[in-house]
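Asker: need a structure here:
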Amino acid sequence: MLNKYPMWKNLMVVFIIAVGALYALPNLFGEDNAVQISGSRGYTVTTETMEQVKQALDVAQIDVKRLELKDDTLEVRVFDGDQQLKAREVIGEQLGKNFVVAMNLAPSTPQWLEAIGGGPMKLGLDLRGGIHFLMEVDMAEAIAKAQTQMATDFRSDLRSEKIRYSGIRAVGDSVQIKFRNAEALDKAEKFISSRYNEYEIVSGGEAQTLRVRMTEEHLKQIREEAVSQNITIIRNRVNELGVAEPVVQRQGAERIVVQLPGVQDPTRAKEILGATATLEFRMQDTRTDPRDAAAGRLPASSELFDRRGGGQAVLVKDIILTGDHVTGARAAFDENGQPQVSIDLDAQGGDKMASATKDAIGMPMATLFTEYKPTEEVDENGRPKLEKIQEVVSIATIQSRLGRSFRITGVGHAEAQNLALLLRAGALKAPVQIVEERTIGPSLGQQNIENGLQAMIWGLAFVVLFMAIYYRSFGLISVCALAVNLIMVVGVMSMIPGATLTLPGIAGIVLTVGMAVDGNVLIFERIREELRAGRSVQQAIHEGYGNALSTIADANITTFITSLILFAVGTGAVKGFAVTLMIGIATSMFTAIVGSRALVNLIWGGKRVKKLSI
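Answerer: Numbering: from 1, shown residues only. Okay, here's the model as predicted:
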């Protein structure tokens, strides 16, 4: 029978539309004013922290809508913006500097919808409001760290080759190695030239002194790695701290753009991003008493550092390796039920660790945490100067030669969790400075949303009016298909984890409103042609949908390919526009060809109809 879908096809259409509507539903529930608490400086949020926060809010007589501990982040939802601001101040005073307390907007999706993965569309900075940072990587510090590692490698390699030297130090853009005689200098020069392609020997200088510096290609590689690794680590660190849907991307040669949608507190956001940190593994100098070192009796090869939790420790200056070689870290318990941290290194880090610990069994190894925090002082460029804070977070005894995987034991449970968090978050290749900051308020973002919605409503109204007048009953069918199409676009955008709706994205949806009826227009015109040719009503509907399919597919596929190219080569606003346009094209093809026909079949299919309202 013409124009009758089988039951399974009708059920399929209903199912697809129902799924789209279900996942679009969370967008109707709005957002709650929330305060987000996460650990800083290696501290984690626990149930004890949650009890502290709850008691402090009770004392301050702040009504809490919901209190939830999830993924080491505590979220406190309150009823209005005034309570949100007051709650942030109360919690900040209660917890102190070891926790990040930031104001945020949290979706108020019902828990049953969250259980099936439902959530509202992620809104970009221009719609939701939030904070934009432009950060610059300190390339001088990146190169200085590389030179320090270079000097450490030379010490280790020259010792293993039994080439005697009297001193190694970084001077300017090179590392100087002093020798006791010309024979040792010649041996070292031949060894370094054959072993290190990324370094070059510089002529001139003091007698019996070898100057080695990095080649321009190697310096370029260091700068490139500093930016790319910092992008990865900043993204991981923001994720660890629980900031939802951040944007972290490169801009130019040395800068990184960070956008935190929904975060309303720039001061707290700076604490998340401005206080950058690195990790180093060093041997402890057991021959020097920390009290003697504090009194000034400190060997030239060692340094004195504070220990987290109190006390001091003397560490050897030579760095075994830095945290950028760590690929994984997790806190667990050993076979005796004692806390431990299991650490995985990359191949280069494993080789360095094995070489450094083969003769150090029974000796203590320390993990040094270095933090760079912006101060109120500015440099000659007007940027905040960075204060360097270093502390020893762990000292453990080496039980056997270490390699790519090893365990740190002898730490408390909380310390193990903190150390694993720091190692997982990674080490920045070089410090970063915030050179530009912009805050977009929620009111401006709301205004953008309202303007976009108004444009969409007016566009939809004119399309509905035109279709209803020109195509009558079939025009109303296309209007129903258009409404379903919009719901499905919102549902798909809400389902895709990485999709973010921006102002250009709204423009893409508005364009989709106009394009979505193109398919129906082609079909309806084809049905009119078939009716004028003398076909019966059922034959005209059948031929109209069947013959217009190839034309609709060709037109939409070419537009989809163009959108795909825009998404591939574009950035920022262009990507946002391309994403919504691609989704709109896919859903409009479904609603125009399959959805509208299911409705037409339901109303007119298989019936004796002499005249169509089209």
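Asker: only C-alpha atoms for contact and neighbour calcs from this point on.
Answerer: Noted.
Asker: who touches Met214 in this structure?
Answerer: By CA atoms under 8 Å, 6 or more residues apart in numbering, the contact list for Met214 reads 173-174, 198-200.
Asker: Which PyMOL command selects the buried ones in those residues?
Answerer: Typed into PyMOL, the next command selects the buried ones out of these (criterion: 16 or more other CA atoms under 10 Å):
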select buried, resi 174+199+200
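Asker: Hmm, Val537 and Val609 touching each other?
Answerer: Yes - the criterion here is CA atoms under 8 Å, and Val609 meets it with Val537 at 6.3 Å.
Asker: Counting neighbours, go ahead and name the busier of these two.
Answerer: The residue with more neighbours, out of Val609 and Val537, is Val537; 21 against 11, by other CA atoms under 10 Å.
Asker: Show the backbone phi and psi for that one.
Answerer: In terms of degrees, to the nearest 10, the main-chain angles of Val537 are phi -60, psi -50.
Asker: if I pick it, what's in contact with it?
Answerer: Counting by CA under 8 Å, 6+ apart, Val537 has contacts 531, 609-612.
Asker: Which of the residues you listed fall in helices?
Answerer: Counting by DSSP state H, these place Leu531 in helices.
Asker: hang on, the earlier thing: ok, so of the contacts of Met214, who is nearest Glu217?
Answerer: Proximity of the contacts of Met214 to Glu217 (CA to CA) peaks at Glu198, which lies at 7.6 Å.
Asker: quick one, helices of the stretch 151-300 of the chain?
Answerer: Using DSSP state H, counting those that start in this stretch, the helices of the stretch 151-300 of the chain run over residues 182-195, 216-240, 266-273, 290-294.
Asker: So which bits of the longest one are buried?
Answerer: This means helix 216-240. 219, 222-223, 226-231, 233-238, 240.
Asker: what packs against it?
Answerer: The helices and strands touching helix 216-240, judged by 3 or more CA pairs under 8 Å, 6 or more residues apart in numbering; DSSP states H and E, are helix 139-160, strand 247-251, strand 255-261, helix 266-273, helix 413-425.
Asker: Can I get the buried part of the contacts of Val537 as one ChimeraX selection?
Answerer: In ChimeraX, a selection of the buried entries from the contacts of Val537 looks like this (16+ other CA under 10 Å):
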select :531,612
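Asker: number of nearby residues for Arg307?
Answerer: Neighbourhood size, Arg307 [other CA under 10 Å]: 18.
Asker: Quick check: closest non-adjacent residue to it.
Answerer: Spatial nearest neighbour of Arg307, chain neighbours left out: Val392 (4.5 Å); criterion: CA to CA, 6 or more residues apart in numbering.
Asker: The one you found sits in which helix or strand?
Answerer: Secondary structure from DSSP states H and E places Val392 in strand 384-397.
Asker: Going C-terminal from that strand, what's the next secondary structure element?
Answerer: Toward the C-terminal end, the helix or strand that comes next after strand 384-397 (DSSP H and E) is strand 405-409.
Asker: Just the angle for that next one relative to strand 384-397, thanks.
Answerer: Put simply, strand 405-409 runs at 90 degrees to strand 384-397, going by axes from the mean of the first three to the mean of the last three CA atoms, to 10 degrees.
Asker: what is the mean pLDDT for strand 405-409?
Answerer: For strand 405-409, mean pLDDT is 77.
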